[in-house]
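Student: what would the 3D arrangement of this be:
(chains A and B)
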Amino acid sequence: MNPNQEEDRQLLQRISAGEEPAFQMLFEKYYRYLCIASYKICGDEHKAKDMVQEVFLDLWKKRNTLNIHTSVQAFIKKAVIFKSIDYIRAQRLQFEDIPEEKETFGGAQEKLELAELKQLIHDTAARLPERCRVVFFMSRFEKMSHKEIAHHLNISPKTVENQITKALKILRNTIQPFLSDDLIKLLFFILYVGGSGFYLDFVLNPLATI
Amino acid sequence: MNQDTYIKLIYKELQGALSSEDALVLQNWLAESEEHQQLKESIKAAYNLLDDFEPPFEIDAKADYRKLRQQMQVPPATPQAKAKTVSLFSRRRVWSIAASVLFIVAAAWLYQYLQAPALEMMVAETQAGEIKQIELADRSQVWLNENSRLEYPKQFGGAERAVALKGEAFFEVIPNAQQPFRIATEQATVEVLGTAFNVRAIAAEALTSVAVESGKVRFSAKAIEKAVILKKAESASLSHDKLEMVKIKTTDSNASAWKTKQLSFKSRPLGEVLQMMEQHFGVQIELRNSALRDCLFSMPRQELDLEQLGQNLVILYEIEWEKTGEKSYLIRGGRCE
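Tutor: Below you'll find the model as predicted:
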């Protein structure tokens, strides 16, 4: 068990004994992380926060009978994710099985800074049509297989595939006008080689000795 | 359509799940043209940029814990009452800026009240296609939609702040419990408890509607003993003929879209979505394939121009989106499930 899991385990023991400060520590430690995880699926700020709080409240209510053998973090996250999926199912979003046509997005051909591009993609992703977003986020962020997503949302794996493809197309259409060769190279190195200027210097100036 | 197959392969590669046969297929396709490579690069870029995706809102763990704690201490018998108290309390916190105005207003009002001056009435009117923003004496803001008329006093005096509306307006009212804000329309009265909301009282529609964005209003009919209190994301309509008041909880009421310029849809039949688009953008949209009318569409609140929305519909429903005139569009083909 790594030190973080050890710390969580101790907190959990104290919580079982009814120590509220320990519960508060656990809450403040993971609250943000869990709200973000929930939001990625349900797409609603208040709903996400409510559901995370409900999970924690449940944890507190059941503190005497808790039996978590694995990572506390993973356990709570799973609870939050499933709760979010249930919420989405209750919304009864309709899912369709259709591929599509061409795209004609005419964005202005301005240059965008990397940070701006990132913001743009994040905004577009958050605002995807709901069905696309749910399926795509479950795949991209929760790393669920098409089969798992299909099972959870009660749709066919083909629909899952199609929704992901649609999401990728919408994201691609948004970003495409602003991608230059330089930006692509920059992205490659920052994301694959490591996010530090050190590598960037090396790339841009191959003759420099490290 | 072919493209989709390769997009799926590209995605598989990004997830690290690409078989060697598929990898070869993808490689051959990429070698075919520069465009294919560009497609892959942009999808890859979009995918990777999402890496540390963060939600577009603030998260205050300490504050939210305090909220949660209340639920832990309170016995199950009275959760409702507690919640209401909490929400009012936090609303006061949110309106802290407005609260400071409240004191200034209260002081001014007290002075006015003691002076008891005659009220000088002002009139603001808009023509077709015009939107006017008006600041009232208490710093409340009113956005008047086209073809509307607002009568309001230059200074607020007396026990209440009273204005009269014909047409449509969006209000942002500074809270002042000592001097309630009252809007009189032809058939109804809207009493305000510090809030942001939309009032629609267009005589020709024979309907008076109120949609609340935040805060609370009391919406009452003049001709009958009917009143309702509306909170955030609630709206109600009073029919002038039937004298019936109907309340609806709607998180996707686009009633204020003319002012906020933002639209949102939550599992709305496409037929209604198109109607709202027609109204919002001032265009005509002909839907040839009536089977599409019942497709359910959801989209979070955002500002979109008509073309972007059209292109999203093309992607989602495989329709043809065609501009047939200066302000008219045609939708052909397509299907939902």
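Student: what's the pLDDT at the residue nearest the centre of chain A?
Tutor: Nearest residue to the geometric centre of chain A (CA atoms, centre = their mean): A:Phe141, 4.1 Å. On pLDDT, A:Phe141 comes in at 92.
Student: tell me the spacing between A:Met144 and A:Ile85.
Tutor: Look at A:Met144 and A:Ile85: by CB to CB, to the nearest Å, they are 10 Å apart. Every residue, glycine included, has its C-beta placed from N, CA and C.
Student: identify the contacts common to those two.
Tutor: A:138, A:152 (CB atoms under 8 Å, 6 or more residues apart in numbering or on different chains).
Student: and the residue lying closest to B:His240 once chain neighbours are set aside, how many neighbours?
Tutor: Closest residue to B:His240 apart from its sequence neighbours, by CB to CB, 6 or more residues apart in numbering or on different chains: B:Ala206 at 4.2 Å. The number of residues packed around B:Ala206, counting by other CB atoms under 10 Å in any protein chain shown, is 12.
Student: how many neighbouring residues does residue 160 have?
Tutor: Since you didn't name a chain, this refers to chain A. 25.
Student: please refer instead to chain B.
Tutor: Neighbour count for B:Glu160, taken as other CB under 10 Å: 13.
Student: least trustworthy helix or strand in chain B by mean pLDDT?
Tutor: helix B:79-94 (a mean of 41; mean pLDDT, DSSP states H and E).
Student: buried residues, stretch A:117-133. List them.
Tutor: If you call a residue buried by 16 or more other CB atoms under 10 Å in any protein chain shown, then stretch A:117-133 has these buried ones: A:117-118, A:120-122, A:124-133.
Student: near chain B, from the residues you listed?
Tutor: Filtering the buried residues of stretch A:117-133 for neighbours of chain B using CB under 8 Å from any CB of the partner chain leaves A:117-118, A:121-122, A:125-127, A:129-132.
Student: from the residues you listed, which land in helices?
Tutor: A:117-118, A:121-122, A:125-126, A:130-132 (DSSP state H).
Student: want to throw those into JSON lines with pLDDT?
Tutor: Shown next, in JSON lines, are those (pLDDT from 0 to 100):
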{"residue": "A:Leu117", "pLDDT": "82"}
{"residue": "A:Lys118", "pLDDT": "84"}
{"residue": "A:Ile121", "pLDDT": "87"}
{"residue": "A:His122", "pLDDT": "88"}
{"residue": "A:Ala125", "pLDDT": "89"}
{"residue": "A:Ala126", "pLDDT": "85"}
{"residue": "A:Glu130", "pLDDT": "84"}
{"residue": "A:Arg131", "pLDDT": "85"}
{"residue": "A:Cys132", "pLDDT": "88"}
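Student: closest one to A:Lys166 out of these, please.
Tutor: Proximity to A:Lys166 was ranked across those by CB to CB; first place goes to A:Cys132, at 5.1 Å.
Student: so the closest one sits right up against A:Lys166, yeah?
Tutor: Yes - applying CB atoms under 8 Å, one finds A:Cys132 in contact with A:Lys166, separated by 5.1 Å.
Student: residues that sit against both of those two, list them.
Tutor: In contact with both A:Cys132 and A:Lys166: B:Leu316, using CB under 8 Å, 6+ apart.
Student: may I ask which two of the buried residues of stretch A:117-133 are separated the most?
Tutor: A:Leu117 and A:Arg131 (25.3 Å).
Student: show me what contacts the closest residue in space to B:Arg288 that isn't next to it in sequence?
Tutor: Setting aside the residues directly before and after it, B:Arg288 is nearest to B:Arg332 in space (CB to CB, 6+ apart), at 4.9 Å. Contact analysis of B:Arg332 by CB under 8 Å, 6+ apart lists B:288-289, B:319-320, B:322.
Student: hmm, which two among those residues are most spread apart?
Tutor: Top of the distance list for those (CB to CB): B:Asn289 and B:Glu322, 13.0 Å.
Student: tell me which of the two has more neighbours.
Tutor: It is B:Asn289, of B:Asn289 and B:Glu322, that has more neighbours when counted by other CB under 10 Å, with 15 against 12.
Student: do I have it right that B:Thr324 meets B:Leu330?
Tutor: Yes - in this structure, B:Thr324 is within contact of B:Leu330 by CB under 8 Å, at 4.9 Å.
Student: who's more crowded, those two?
Tutor: Between B:Thr324 and B:Leu330, counted using other CB under 10 Å, B:Leu330 has the larger neighbour count: 16 against 11.
Student: assign a three-state SS to A:Asp86, would you?
Tutor: helix (DSSP: H, G, I helix; E, B strand; the rest coil).
Student: enumerate the residues of the stretch 51-200 of chain B near chain A.
Tutor: B:51, B:53-57, B:59, B:61-62, B:64-65, B:67-69, B:71-72.
Student: for the residue nearest to A:Lys40 when sequence neighbours are not counted, what are its contacts?
Tutor: Computed as CB to CB, 6+ apart, the closest residue to A:Lys40 that is not its neighbour in sequence is A:Phe137, at 4.4 Å. Residues near A:Phe137 by CB under 8 Å, 6+ apart: A:40-41, A:125.
Student: helices of the chain, residue ranges please.
Tutor: Because you didn't say which chain, this covers chain A. Under DSSP H, chain A gives helices at A:3-16, A:20-42, A:45-61, A:72-90, A:114-126, A:130-140, A:146-153, A:157-175, A:181-188, A:197-204.
Student: I was thinking of chain B, sorry if that wasn't clear
Tutor: Using DSSP H, helices in chain B cover B:2-15, B:20-32, B:34-49, B:61-73, B:79-94, B:96-115, B:257-260, B:270-281, B:306-317.
Student: for stretch B:57-72, what is the average pLDDT?
Tutor: 89.
Student: kindly report the same for stretch B:26-40.
Tutor: On average, stretch B:26-40 scores 91.
Student: quick one, which of the helices of chain A gets closest to B:Glu34.
Tutor: Across the helices of chain A, closest to B:Glu34 is helix A:181-188 (CB to CB), at 11.4 Å.
Student: could you list the low-pLDDT ranges of chain B?
Tutor: B:1, B:73-118, B:193-194, B:249-252, B:337 (pLDDT under 70).
Student: tell me the centre residue of it?
Tutor: B:Asn254 (5.0 Å).
Student: check the gap between that one and chain A for me.
Tutor: B:Asn254 sits 16 Å away from chain A, going by CB to the nearest CB, to the nearest Å.
Student: surely that residue is in contact with B:Lys266?
Tutor: No - applying CB under 8 Å as the test, B:Asn254 and B:Lys266 come out as separate, 10.6 Å apart.
Student: measure B:Glu231 to B:Thr195 for me?
Tutor: To be clear, residue B:231 is Lys; Glu isn't right here. 9 Å.
Student: make that B:Ser42, sorry
Tutor: Counting by CB to CB, the gap from B:Ser42 to B:Thr195 is 44 Å.
Student: and what of B:Ile331?
Tutor: Going from B:Ile331 to B:Thr195 by CB to CB gives 38 Å.
Student: return stretch B:266-278 as CSV; C-alpha atoms alone will do.
Tutor: Written as CSV, here are the backbone C-alpha positions of stretch B:266-278 (Å, rounded to 0.1, in the frame of the first residue of the first chain):
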residue,chain,number,x,y,z
LYS,B,266,-33.1,19.5,-22.1
SER,B,267,-34.6,16.5,-23.8
ARG,B,268,-36.8,18.7,-26.0
PRO,B,269,-38.6,17.4,-29.0
LEU,B,270,-36.8,18.7,-32.1
GLY,B,271,-40.1,20.3,-33.4
GLU,B,272,-40.1,22.6,-30.3
VAL,B,273,-36.4,23.2,-30.6
LEU,B,274,-36.8,24.4,-34.2
GLN,B,275,-39.7,26.7,-33.1
MET,B,276,-37.5,28.2,-30.5
MET,B,277,-34.7,28.7,-33.0
GLU,B,278,-37.2,30.4,-35.4
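Student: return stretch B:289-302 as CSV; C-alpha atoms alone will do.
Tutor: C-alpha atoms of stretch B:289-302 as CSV (Å, rounded to 0.1, in the frame of the first residue of the first chain):
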residue,chain,number,x,y,z
ASN,B,289,-39.2,15.1,-42.6
SER,B,290,-41.9,15.2,-39.9
ALA,B,291,-40.6,12.0,-38.3
LEU,B,292,-37.8,14.2,-36.9
ARG,B,293,-40.2,16.3,-34.9
ASP,B,294,-40.1,14.0,-31.9
CYS,B,295,-36.4,13.4,-31.7
LEU,B,296,-35.2,14.5,-28.3
PHE,B,297,-32.4,17.0,-28.2
SER,B,298,-30.3,18.2,-25.3
MET,B,299,-27.6,20.9,-25.2
PRO,B,300,-26.2,22.8,-22.3
ARG,B,301,-26.7,26.6,-22.0
GLN,B,302,-24.5,28.5,-24.4
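Student: thank you, goodbye.
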